[in-house]
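Colleague: predicted structure and sequence below. I'll ask about it afterward.
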There are 2 protein chains.
Amino acid sequence: GVNPDLASERLAASFSVELLTASLDGGAERTRGRRAVVQAIESDPVFSQENQYFQSQNEKYEAAVRRAVYLQKKIREMGWTQNGPEVQDICRCLSGDIALVLHRVFMRSISVLGSDKQIAKWIPLATDYQIIGSYAQTELGHGTYLQGLETTAVFDTATQEFILNTPKISAMKWWPGDMGRSATHTVVFAQLYVHRKCYGVHPFILQIRSLEDHSPRPGVTVGDIGPKMNFQHTDNGFLLLQNVRVPRENMLSKFCEVQPDGTYVRWGSQKINYFTMTSVRISILSEEAIVPLMKACTIAIRYSAVRRQSKLKPGEQEAKILDYQTQQQKLLPQLATAYAFHFINTYLHELFNKGYQDIQAKNFDSLPELHAFSSGFKALITQHCTSGVEICLRACGGHGYSLLSGLPSLYTRIIASCIYEGENTVLLLQTARFLIKCFMAASAGQPVPPSVTYLSSVKSGKCPAKDKSDFLRPEIYLKAYEQMAVRLISSSATKLQHLIQSGVDKHNAWNQCTVQLEKAAKAHCHYITVKNFVEAVENLDNKAGIQKIMKHLCDLFALHGIFSNVGDFLYDGHLTAAHMDLVTASYLDLLAVIRKDAVPLVDAFDFTDKSLSSALGSYDGQVYQRLYEWAQKSPTNQQGNPAYEKYLKPLLQNTLSKL
Amino acid sequence: GVNPDLASERLAASFSVELLTASLDGGAERTRGRRAVVQAIESDPVFSQENQYFQSQNEKYEAAVRRAVYLQKKIREMGWTQNGPEVQDICRCLSGDIALVLHRVFMRSISVLGSDKQIAKWIPLATDYQIIGSYAQTELGHGTYLQGLETTAVFDTATQEFILNTPKISAMKWWPGDMGRSATHTVVFAQLYVHRKCYGVHPFILQIRSLEDHSPRPGVTVGDIGPKMNFQHTDNGFLLLQNVRVPRENMLSKFCEVQPDGTYVRWGSQKINYFTMTSVRISILSEEAIVPLMKACTIAIRYSAVRRQSKLKPGEQEAKILDYQTQQQKLLPQLATAYAFHFINTYLHELFNKGYQDIQAKNFDSLPELHAFSSGFKALITQHCTSGVEICLRACGGHGYSLLSGLPSLYTRIIASCIYEGENTVLLLQTARFLIKCFMAASAGQPVPPSVTYLSSVKSGKCPAKDKSDFLRPEIYLKAYEQMAVRLISSSATKLQHLIQSGVDKHNAWNQCTVQLEKAAKAHCHYITVKNFVEAVENLDNKAGIQKIMKHLCDLFALHGIFSNVGDFLYDGHLTAAHMDLVTASYLDLLAVIRKDAVPLVDAFDFTDKSLSSALGSYDGQVYQRLYEWAQKSPTNQQGNPAYEKYLKPLLQNTLSKL
């Protein structure tokens, strides 16, 4: 049965959970489809994650490979399309705990960068796992800075081959997923040399293991990079190459080619490559950042409605911890953030779909803006989701620290998202570069992309709010955010100009402004997120109170941002200390309002118990029973105790006589 | 050999590392002693942590038990005193990776709470591990709130025994270390009932396992709670009791007793119990929070002086990542924090030693202040050290995410310190309660404890700074901190009074102020930390530039605190926006200054390579070689690949013919 404390929360819901779920899914039909797929997967023992918290790295890897192979079979049987909605639903419920993910990147890179002939040769083989691919870009010595890669590919006209080498230890490929133990092939990135001239980094298809016995090919040293904070199921690998030869035809050649005589030809634009990288950053946000935050909120909020601890008043029953203001202040802003990011994610996907259509029509105008969007939002969203998951973990006290809560694995996985696909600080500085450029253009009266027109239109002024309820008016807080973002961008630009004018060279000057530039880029993305949330709420129809509760969450998200960054808003006097008291009052009021709907708001994310894999977060709230039941299955209770026999027994054997 | 990039950093040191190390140790002789002990331990294979990143929970537990038993033998052989400096040095280099730690708490609780007779009976047995103890306080349903414990101990006059029970699942003991698989005995906390009257929570010595074969005693169900985010080497346990009887003599009875006829007698003061709990909180800070932060700084800063990535200027060599302002902004404030906490830790230990002497002399006056200190600083220090370790981990990019960096295990362990020994939010609110009480007393002209006299003496006013160099004057920034702390405390007190005067009952009013009260408590502790750092620097003699570099670190710690909490300082106008520009300028200047000494400043912490266990952080900076060497030892490279045989081979077997 459902824990009565949790049941009572649901009875008090101010809106229909089912309608909100359908609204988040994009329609009730889509919800039904998703649930059917999830049920099919979860009832299949191959996809069971029951023992995940007890498995070694080797066991996790084996289970993940099994799932990947089986899923492919299932997709074929069911007639689902690759990357169709069903496969996305499956990934959401498997929490990415599946192997051969980089195989998909291998295929995508061939599809995007390969010639028609290359596509015709390799894609059918890869589709059916007749080869297993990987994507070998990152090296021991170089990550985000791709130009610095040290692997070389020297063209040998005599044999019409490229000779691949890792000339020093830092040039070794390091991190590529699926490469350590699974892949037979990889797309390897190397500096291309023809007749001693370097043409920069290019991709080559390389076979790394025998198709007969899986042993490394001659000249190839390959293996697993060992244990990580998470992703134990993935065989991230290393790859050393010593004079490994691949035929001329294996350089991916949609955009450039080395001809038989060594002539290097390039056609088309390199920009499309950036668009691929850019769109990958956006494509991971939902599954790798927003969904984990939603799961963490679900676990922590349900647990906080069940856990009772201490008394609000003497003589009363112990209180639900969700009734403490400090607990609300930890969890409810994370819940609002999860919703804010759901809406900005939808917006970003629409933007990128439109961008893709423009590019198909050979219009590349929106690329710089899209690049700035993908960099900045990847950084903002992964950063906030990571700290949100950590807050949820800590808010569950000791039990949150048990792997059985599901929270530690969410955290150890999501923190990687701040580093992969471009390290967040580097990405924010790319967004900052775009913003500074736009700010200069706007100041000079030149046109700027739509997302940054506010840079030229904002006039500074005092906030007109007089009462705490004024801070529930979106035009009031949007104005504050807008003005704050403009000020941070303009003051960074001013400092940069001053330094350059005072004789500092422009590269050093840039470095000396980067702490402030990073902050400016965050402020811009934060402002856009609030603005988009406001618009999304306006566009919701008001069925069953959904718009009303979403408006509360939007207000909370906005006011929490002000409450947490008071200095940025006070600095130029747009808001005063008196305003801050009103913001604080309104913000604390909102916590109490949203607390009432907190459980229904996480129920609406519609995660199954199996996909949460949490003893604390299940729908029925039977947390203590489940912790006890699951703990008993641990290998620590199943595999005897050799330490007792070896080390403790000898000490204890004569004790009885002394007692 | 040492990586030349790291060697050059050391040549440029502005001070003597050896002198700074001796100063941190409290003298050169102490440094020599520590190094001798560390060397003795590290050369012993029992204490090798070489395979720690590859071990399962069961393997870690076994190794930790072995170490504990062996260490005890070693202590006896060497004639070291329990808890003497040598044992502390060993714990520092083992990073707490040892079993039977709760056995020591078992002994301490008997020593403090037991009668002379109980001490005489149990302590000699425990000293030689003839029994293995644990400390069973926390339950599934109750942690920090001890009054809520649900285990019962009913006195049976007929048999002169207590009957122990866990009447419901939430009453099960859950988390006690050393209990899951090792302990034969435990001190169990239970609600005492005599003749149906409840006397509250009391401690009882209970045998849980047979001394002959280690099987659970009748009525006892005991086991391991399963995997956690870290502490895999510790057998945190669960304990269910069904009508388990212990003799009347087993209730710890220094302060109270149940007499044969059931008469309950209490003598002495309960306050001394609080002092024990309080002093435990202080005693863990160094090993569990500050040392891990120092290690993380050592790893991240050494790596950042070796790792080169991207170019500061076109045409130049790639730059050390430590030369980027954003990297300095991540790491150097953590370094300053580690030093600040080193000094406040020394201060807290002196305070508690003095407090202990007072208590021995039956003077309990300082207890409330000591309790407020221990609660607030435990929360502040564990919180800052945890986020500092996370920042260091993320600042090392992908390689920081590998377990081989040593950073993930530092993080997954230190985050527990925010929860155990009192959850941080609960602790900060206890400090806040003390501060509000003192503020009220001070406002009424009554005397207050020494640490809070500033609450009555501060007069608000404008900051007199005119130039960025003014913010390097401690009296300027101390005044800003002081005023900020007073304002946050006084405004919380005012809000609380207003609510009560407006008719809200005092418990609800308190809850409605807790977000602000928590902030006020942090501000108080932060202020004391800055003040103590300033005083510590003043007291350093100026040998070999140590005082100068410490002054820089102190300034950085203070200005980073302002830079990160701008709103709190701007709010009442003590600092203006123009001041903030000066603070920012001074703060960024300091980053560049301290960057020059960053490597020597972490070298001075004097960690051996073995105690860091980090492929990134070793003294010689050979990071890539070490990552590669260590990865090859991973079980993923040693134990074959059954997943290939089972799942991949069948897919690949016909591919060759198609290529």
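Modeller: Structure's in. What do you need? Note that the structure is predicted; figures quoted are calculated from it, not measured.
Colleague: domains of chain A?
Modeller: A:1-20+A:275-629, A:105-267 (the TED database).
Colleague: nearest to B:L312, of those domains?
Modeller: Proximity to B:L312 (C-beta to C-beta) singles out domain A:1-20+A:275-629 among the domains of chain A, at 5.6 Å. C-beta here means a position set from N, CA and C on the backbone, and glycine is covered the same way.
Colleague: avg pLDDT for the closest one?
Modeller: Averaged over domain A:1-20+A:275-629, pLDDT sits at 95.
Colleague: okay, now the nearest residue to A:L113 once chain neighbours are set aside: neighbour count?
Modeller: In space, and not counting its chain neighbours, A:L113 is closest to A:L252: 4.1 Å by C-beta to C-beta, 6 or more residues apart in numbering or on different chains. By other C-beta atoms under 10 Å in any protein chain shown, 22 other residues sit near A:L252.
Colleague: show me what contacts A:L252?
Modeller: A:S109, A:I110, A:L113, A:G114, A:S115, A:Q118, A:V187, A:H202, A:P203, A:F204, A:I205 (C-beta atoms under 8 Å, 6 or more residues apart in numbering or on different chains).
Colleague: one more pass at 7 Å, please.
Modeller: A:I110, A:L113, A:G114, A:Q118, A:P203, A:I205 (C-beta atoms under 7 Å, 6 or more residues apart in numbering or on different chains).
Colleague: per-residue pLDDT, it?
Modeller: Per the predicted model, pLDDT is 95 at A:L252.
Colleague: okay, it and A:V112: tell me how far apart.
Modeller: Separation of A:L252 from A:V112 (C-beta to C-beta, to the nearest Å): 9 Å.
Colleague: one more: A:N243?
Modeller: For A:N243 relative to A:V112 (C-beta to C-beta), the value is 29 Å.
Colleague: which one's more surrounded, these two?
Modeller: Applying other C-beta under 10 Å to A:N243 and A:V112 shows that A:V112 carries more neighbours, namely 16 against 10.
Colleague: quick one: that one and A:M277 touch, right?
Modeller: No - the pair A:V112 / A:M277 is not scored as a contact, 10.1 Å apart, by C-beta atoms under 7 Å.
Colleague: give me the phi and psi angles of A:T152.
Modeller: A:T152 adopts backbone torsions of phi -120, psi 150, taken as degrees, to the nearest 10.
Colleague: and for it, the neighbour number?
Modeller: Using other C-beta under 10 Å: A:T152 sits among 18 other residues.
Colleague: does it touch A:A190 like I think?
Modeller: Yes - using C-beta under 7 Å, A:T152 is in contact with A:A190, at 5.7 Å.
Colleague: who in the stretch 101-250 of chain A is up against chain B?
Modeller: A:125, A:129-132, A:138, A:140-143, A:145, A:148, A:169-170, A:172, A:175, A:180-182, A:184, A:211-212, A:214, A:223-229, A:235, A:238 (C-beta under 7 Å from any C-beta of the partner chain).
Colleague: what are the boundaries of the strands in the stretch 151-300 of chain A?
Modeller: A:152-156, A:161-165, A:173-174, A:185-194, A:197-207, A:220-224, A:237-241, A:244-247, A:256-258, A:264-266 (DSSP state E, counting those that start in this stretch).
Colleague: out of those strands, which one sits most buried?
Modeller: Using mean count of other C-beta atoms under 10 Å in any protein chain shown, the stretch among the strands of the stretch 151-300 of chain A with the greatest mean number of neighbours is strand A:173-174 (a mean of 28).
Colleague: could you give the mean pLDDT of that one?
Modeller: Rounded mean pLDDT across strand A:173-174 is 98.
Colleague: again with stretch A:141-149
Modeller: 91.
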